[in-house]
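**Student:** Any chance you could fold what I've pasted below:
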Amino acid sequence: MKRNYWFINLGIVWTVIFAGMSFYWAMGGMLGVRSLGGAVFEMSINPDPSLIISVWLTGFVKLLGVILLLMLLVQWRKPKITRTLYYITKIVGVLLFVYGLLNFITITMSVFNIMNFDLDSYATFWRLAFWEPFWMVGGVFYFFAVKIHQGIRKPSKNEGFLLY
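**Tutor:** The predicted model follows:
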């Protein structure tokens, strides 16, 4: 597996920012919450303790992406681990991108009154200008973090950090 270190690093930065937003909101921060719109914004005004716990947990789940990307930097001795990391990273990238793209499409459809969403114009603008493209960019970072999946060879003893 070839690694694209630029995309790995960009993916790590993206993931930390992404998780950091959840931690900020879980601590009661309100900057940017209105841009999410709909029920999420309404719930955040007077949050239930279960919502706060959910947002904290969401932040920690997002940080799992950093672990995944860091695992790509290790030269694994077992080809099965390398292949598994390759496919997981590609799948995560596709899912992040498709999630953002589908949201972008459906929100755009609501702008043209094809679908009806509970989003005011402020939230609609920020969802289309920032949030959905943000998801898609993250997907690109993950997808391109690993390149061509070639036949996995056994690494030599002089190839750096080796783990099982």
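
**Student:** Report the central residue of the chain.
**Tutor:** residue 138 (5.2 Å; Cα atoms, centre = their mean).

**Student:** hmm, who's touching the strand or helix carrying that residue?
**Tutor:** Using DSSP states H and E, residue 138 sits in helix 132-143. The contact list for helix 132-143 (Cβ atoms under 8 Å, 6 or more residues apart in numbering) reads 7, 10-11, 14-15, 18, 65, 69, 89-90, 92-101, 103-104, 107. (C-beta placed from N, C-alpha, C; glycine too.)

**Student:** give me that answer again for 7 Å
**Tutor:** With contacts defined as Cβ atoms under 7 Å, 6 or more residues apart in numbering, helix 132-143 is touched by 7, 10-11, 14, 18, 89-90, 92-94, 96-97, 99-101, 103-104, 107.

**Student:** Show the buried residues in those residues.
**Tutor:** 7, 10-11, 14, 18, 89-90, 92-93, 96-97, 100, 103-104, 107 (16 or more other Cβ atoms under 10 Å).

**Student:** Which of these sits closest to residue 121?
**Tutor:** residue 107 (11.5 Å; Cβ to Cβ).
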